[in-house]
Every structure is written in C-alpha cells, then in structure tokens.
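> test case, fold it:
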Amino acid sequence: MQTQQYLQQRRKFAAAFLAFIFILAAVDTAEAGKKEKPEKKVKKSDCGEWQWSVCVPTSGDCGLGTREGTRTGAECKQTMKTQRCKIPCNWKKQFGAECKYQFQAWGECDLNTALKTRTGSLKRALHNADCQKTVTISKPCGKLTKPKPQESKKKKKEGKKQEKMLD
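Residues are numbered from 1 along each chain as shown. Presented below is the predicted three-dimensional model:
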C-alpha cells in the first residue's frame, strides 16, 4: 500500500516538474521571439521655424479668423499652412490686435489741450507679434459731474417702507 502511495506521489512530482520545465521553455522561447526594437532615429530637419502672419478676422475687426504660416527648407514636406486664430474683441485695436497692454489710471486733465492721457505697458503679445513696449493714449476730458448725495436715496427708500406699512 505504501508503495502505491509512493508511486502516486512520485508521478505527481514528476508531472509538476515537467510542467515547470515546460513553462520555463515557453517563457524562454517567447522572449527569444521578441526582437529588440532599435531606438527611433531622430530626424534632423532642414526646415526652418514657422513664421506666422497677423491674424486676419473673418468678418469685422475682431473674433475668429485665420493666419498664414510659412517656413523654408529643401527637405520640408510642408512649407505653408493656415491656422485658425481669434482676436479678442475687448483689446485696444489701436495698438495692434495681437498686443495686450496694462494701462495706468487716467491722468489729470491738461487744460491747454483739454485731454487726459494714460500709459500702458506691454502685457502680452500673441504669436510673436511686433508690439511697442509702452503706448500712450489720450481722450477728451469730458464734463466733471458731482456725485449725488446718498441721503436722498435713503430718504426715498424710507418713504416707500412707510407707505407699505400704512397699506
């Protein structure tokens, strides 16, 4: 009886050992089948950098539009392309639609010219636009208005409250 158990254990051990050997062989074969991929060659392009024109709005002077890009090079597949762009409508177009400035507060009114001025420094230039570093703008002084006293508004509100209470 012991010999039969011994033979069964030996067969199980042999089967497990063969299965282990088979798995090792399969893994080794799979790794051998994989080819090592050579590193991708870095293409050295003779193409120059893209040079972009200013954004031209589709309609009006702001909103969606397009710009043309060009580059040079003997081996370039693409030397021209068009790109969609957008010109914000709240920018001061007087200084170029692609130049954004941070402006100071308006100065005092010059009585000789009846104008007040302020200076802006360049905050951002879109797509390498050629922008001035600082700009100055002027506008007419306009009429000086006195602020309305706040007490009159309070009296009106109090009067309306009293009317509602009486109703």
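> give the bridge partners for Leu115, please.
In this entry, Leu115 is beta-bridged to Asp110, Pro140, by DSSP bridges.
> how about the contacts made by it?
Cys109, Ser138, Lys139, Pro140, Cys141 (CB atoms under 8 Å, 6 or more residues apart in numbering). Placement of C-beta: from N, CA and C, glycine included.
> between those residues, which sits nearest Thr70?
Using CB to CB, Ser138 comes nearest to Thr70 of the contacts of Leu115, at 37.9 Å.
> next up, phi/psi of that closest one, please.
phi -130, psi 160 (degrees, to the nearest 10).
> against Val27, how distant is it?
81 Å (CB to CB, to the nearest Å).
> so which of those two has more stuff around it?
Shown here are Ser138 and Val27; by other CB atoms under 10 Å, Ser138 has more neighbours (14 against 10).
> which residues does the more buried one contact?
Thr113, Leu115, Lys116, Thr117.
> if we use 6 Å, what do you get?
Leu115, Thr117 (CB atoms under 6 Å, 6 or more residues apart in numbering).
> send me stretch 59-75 as PDB with only the CA atoms.
What follows is stretch 59-75 as a C-alpha-only set of coordinates in PDB (Å, rounded to 0.1, in the frame of the first residue of the first chain):
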ATOM      1  CA  SER A  59     -15.600  89.500 -40.500                       C
ATOM      2  CA  GLY A  60     -15.200  92.800 -38.800                       C
ATOM      3  CA  ASP A  61     -12.100  93.700 -36.800                       C
ATOM      4  CA  CYS A  62     -12.300  91.000 -34.100                       C
ATOM      5  CA  GLY A  63     -13.400  87.500 -33.500                       C
ATOM      6  CA  LEU A  64     -12.500  84.300 -35.400                       C
ATOM      7  CA  GLY A  65     -10.000  84.500 -38.300                       C
ATOM      8  CA  THR A  66      -7.000  82.800 -39.900                       C
ATOM      9  CA  ARG A  67      -3.300  83.400 -40.200                       C
ATOM     10  CA  GLU A  68      -0.800  82.100 -42.700                       C
ATOM     11  CA  GLY A  69       2.400  80.300 -41.700                       C
ATOM     12  CA  THR A  70       5.500  79.700 -43.900                       C
ATOM     13  CA  ARG A  71       8.900  78.100 -43.400                       C
ATOM     14  CA  THR A  72      11.900  77.400 -45.600                       C
ATOM     15  CA  GLY A  73      13.900  74.300 -46.200                       C
ATOM     16  CA  ALA A  74      14.800  71.900 -49.000                       C
ATOM     17  CA  GLU A  75      13.600  68.700 -47.300                       C
END
